[in-house]
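Asks: Test case, fold it:
(one chain, ligands or ions: 1)
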Amino acid sequence: MAMATQRLFSLLHSSSLRSSSKYPKYWKNGVKRFCSSAMVHEEPITPPVDVKYNQLLINGQFVDAASGKTFPTFDPRTGETITMVAQADTEDVNRAVSAARKAFDEGPWPKMTAYERSCIMLRFAELLEKHSDELAALETWDNGKPYEQAANEEIPMLIRLFRYYAGWADKIHGLTAPADSLHHVQTLHEPIGVAGQIIPWNFPLLMFAWKVGPALACGNTVVLKPAEQTPLSALYVSKLFHEVGLPPGVLNVIPGFGSVGAALASHMDVDKLAFTGSTETGKSVLSAAAESNLKPVTLELGGKSPFIICEDADIDKAVELAHSAVFFNQGQCCCAGSRTFVHERVYDEFVEKAKARALKRVVGDPFKKGVEQGPQIDNEQFEKILKYIKSGTESGATLESGGEKLGSKGFYVQPTVFSNVEDTMLIAKDEIFGPVQSLLKFKDVEEVIRRANSSHYGLAAGVFTQNIDAANRISRALRVGTVWVNCFNIFDAAIPFGGYKMSGHGREKGVYSLNNYLQVKAVVTPLKNPAWL
Ligand code: NDP
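Replies: Model (predicted):
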């Protein structure tokens, strides 16, 4: 899940965008490079948005949790509370699932024409466009990602995804199949029913779109659990969805933690489950699904993606691309290119330039213009990253730059580069989910293929070369769901995304995502008169 970084890069560097009046006033004080540590000591900028919705959304209504409990959602820039949010538990899961069940069994959504569903989704996309600024600000406030990234890349992609799925809604149909016997055989592609969806905090609105878009286009109803770190934007957009005519009960949003995900995964009345998060929790989800009603499960899990730089690569371009591949979104991407394999002939030059680039990375208040890297999501992730950095140094890798936290408040980490990294080190094996680049050396193509494939993850990979034979050989040999050749993090509504091995099951986005939310029913009718053939 991440964005078209290349496009983002060019957008951020275009003069037309910088002078645009669309952006907040404080942006006139844009930042300069080489000033990261000073910037995180400045007073946080007041976000240009208010929190409007912080309750559970069940059956089209905002309601308190049955227990009356609330929990804080934090500003990663300071660790301070943004607002309290209603905290769902098992009883609320039951309430939301029964609303979704009723909306599926009796309600208009699966029964209305596909064109009507498509029109509601298109109106939603239009309304999202009108609320783009608030949505970008909310996403930055709750998550810590740069406002420019949210505003210029993620919100437009959110809107694009809903238009894309609105386009699919009335193009979903079955087949007629030629049977050997005298029967007319047709297939009906039907919605599965109630979809439980558990989304993560790294791209809250995009993960909302990846999951809710195909589910609703196919005529299902949804109970969505946003990550407890970032519940605000899903509540906001779901309210907008109801304003454009989404019937009550079709989309229910229940923030919470501790028991909500597990209750959804094991619920007997949830017909399908989709989860994005860690491999460990993915296994629990799969097991709960198996032990309850055998609901089908889509999993988008962790990664440790190799980015392979061949000896013929343009080094300056490769350094920039490898940098954005790992540092984008504070390194909090499942597909982050976090194992950078560099050919031995260009390794030393690459290390110097990668280090120089990391030192130039602008870290600071994500609301500030020009900031490339904001804080990590929360203290848990922050501590996890610092632990991995320590383990990198202790295991003998060379710390080229960074390695420390930044500032006295919030969860800022210096962009960190390690060279002389070995495959056996934890920093080369585990998903760090932070701004840490590991540079590994290789000698030849067959060796790097073997080493790249030696991970139990298989989400994505990048190859940088001018040699078409090397590009073909490597991209076909890698056991991963996406290979980016001479590019990285290119996402599009039509490009499927998902993992091999322990990176998950199924594909999201593109035409493939529809299969996750459809049942195929065969209808077989005798042909009475063979002459019809
Ligand atoms: P987790 O994988 O633990 O996911 C947390 C979510 O899973 C919460 O919504 C939680 O809800 C739910 N959950 C927990 N246990 C269960 C269960 N048994 N059944 C169903 N749902 C469950 O992620 P974290 O946020 O703790 O992040 C840990 C690591 O995961 C990160 O460091 C990163 O490596 C990886 N990650 C990967 C992402 C990706 O894009 N693939 C995204 C985010 C994280 P509840 O508590 O209510 O059950």
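
Asks: From here on, just use CA atoms for contacts and neighbour counts.
Replies: Fine.

Asks: And E43, what's its pLDDT?
Replies: For E43, the model assigns a pLDDT of 89.

Asks: measure stretch 356-376 end to end?
Replies: Across stretch 356-376, the terminal residues are separated by 22 Å (C-alpha to C-alpha, to the nearest Å).

Asks: Now the element after the helix or strand that contains A356, going C-ward?
Replies: A356 belongs to helix 347-360 when assigned by DSSP states H and E. Downstream of helix 347-360, the next assigned helix or strand under DSSP H and E is helix 379-394.

Asks: Tell me which other helices or strands that following helix touches.
Replies: strand 398-401, helix 426-429 (3 or more C-alpha pairs under 8 Å, 6 or more residues apart in numbering; DSSP states H and E).

Asks: Indicate the residue of the stretch 51-200 of the chain located nearest to the ligand.
Replies: P200 (4.8 Å; C-alpha to the nearest ligand atom).

Asks: Assign the residue lying closest to that residue once chain neighbours are set aside to helix, strand or coil.
Replies: Leaving aside its sequence neighbours, P200 sits nearest to A227 (C-alpha to C-alpha, 6 or more residues apart in numbering; 5.0 Å). Recorded secondary structure, A227: coil (DSSP: H, G, I helix; E, B strand; the rest coil).

Asks: Look up how far N54 lies from A227.
Replies: A227 is 13 Å from N54, by C-alpha to C-alpha.

Asks: Could you do L161 as well?
Replies: Look at L161 and N54: by C-alpha to C-alpha, they are 25 Å apart.

Asks: How about A262?
Replies: A262 sits 22 Å away from N54, taking C-alpha to C-alpha as the criterion.

Asks: Likewise for Y236?
Replies: 9 Å.

Asks: swap in K443?
Replies: Separation of K443 from N54 (C-alpha to C-alpha) stands at 54 Å.

Asks: So between these two, which is more surrounded?
Replies: Comparing K443 with N54 by other C-alpha atoms under 10 Å, the one with more neighbours is N54, at 22 against 14.

Asks: Give me the buried positions along stretch 340-350.
Replies: Residues 340-344, 346-347, 350 are the ones in stretch 340-350 that count as buried (16 or more other C-alpha atoms under 10 Å).

Asks: How about residues contacting that stretch?
Replies: Stretch 340-350 is contacted from outside by 306-311, 315, 319, 322, 437-444, 448, using C-alpha atoms under 8 Å, 6 or more residues apart in numbering.

Asks: And stretch 234-253, by the same measure?
Replies: 52-61, 96, 99-104, 107-109, 120-121, 123-124, 127-128, 135, 204-205, 208, 220-226.

Asks: tell me the mean pLDDT over whichever strand or helix holds A290?
Replies: Under the criterion of DSSP H and E, A290 resides in helix 279-291. Averaged across helix 279-291, the pLDDT comes to 98.

Asks: wait, does that helix contact the ligand?
Replies: Yes: contact of helix 279-291 with the ligand (C-alpha under 6 Å from any ligand atom) involves 281, 284-285.

Asks: what mean pLDDT does the next helix-or-strand element following that helix have?
Replies: Toward the C-terminal end, the helix or strand that comes next after helix 279-291 (DSSP H and E) is strand 297-300. Here strand 297-300 scores 98 as its mean pLDDT.

Asks: partners of strand 297-300, with directions?
Replies: Strand 297-300 sits in its sheet next to strand 272-276 (parallel), strand 504-505 (antiparallel), going by DSSP bridges.

Asks: List just the one of the helices and strands packed on helix 379-394 that sits closest to the ligand.
Replies: Nearest to the ligand, of the helices and strands packed on helix 379-394 and by C-alpha to the nearest ligand atom, is helix 426-429 at 11.8 Å.

Asks: tell me what the closest one is packed against?
Replies: Packed next to helix 426-429, using 3+ C-alpha pairs under 8 Å, 6+ apart, are helix 379-394.

Asks: Name the surrounding residues that touch the helix it packs on.
Replies: Helix 379-394 is contacted from outside by 79, 376, 398-399, 403-405, 411-413, 418, 425-427, 432-434, 436, using C-alpha under 8 Å, 6+ apart.

Asks: Those also near the ligand: which ones?
Replies: With C-alpha under 6 Å from any ligand atom as the criterion, the contacts of helix 379-394 include F433 near the ligand.

Asks: Would you write out the ChimeraX command that picks the buried residues out of the contacts of helix 379-394?
Replies: The ChimeraX command for the buried members of the contacts of helix 379-394 (criterion: 16+ other C-alpha under 10 Å) is given here:
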select :79,376,398,399,403,405,411,412,413,418,426,427,432,433,434,436
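
Asks: and the stretch 51-200 of the chain, which residues reach the ligand?
Replies: Contact residues (C-alpha under 6 Å from any ligand atom) of the stretch 51-200 of the chain with the ligand: 198, 200.

Asks: can you map out the helices along the stretch 51-200 of the chain?
Replies: For the stretch 51-200 of the chain, helices defined by DSSP state H, counting those that start in this stretch occupy the ranges 90-105, 114-130, 132-143, 147-149, 155-169.

Asks: For these, could you give me a markdown table that also reports mean pLDDT and mean neighbour count?
Replies: A markdown table is the format used below for the helices of the stretch 51-200 of the chain (pLDDT from 0 to 100; neighbours: other C-alpha atoms under 10 Å):
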| stretch | mean pLDDT | mean neighbour count |
| --- | --- | --- |
| helix 90-105 | 98 | 22 |
| helix 114-130 | 98 | 20 |
| helix 132-143 | 98 | 24 |
| helix 147-149 | 98 | 26 |
| helix 155-169 | 98 | 23 |
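
Asks: and the closest residue to V185 other than its chain neighbours, backbone torsions?
Replies: Once flanking residues are discounted, V185 sits nearest to V524: 4.6 Å by C-alpha to C-alpha, 6+ apart. With angles defined as degrees, to the nearest 10, V524 sits at phi -120, psi 120.
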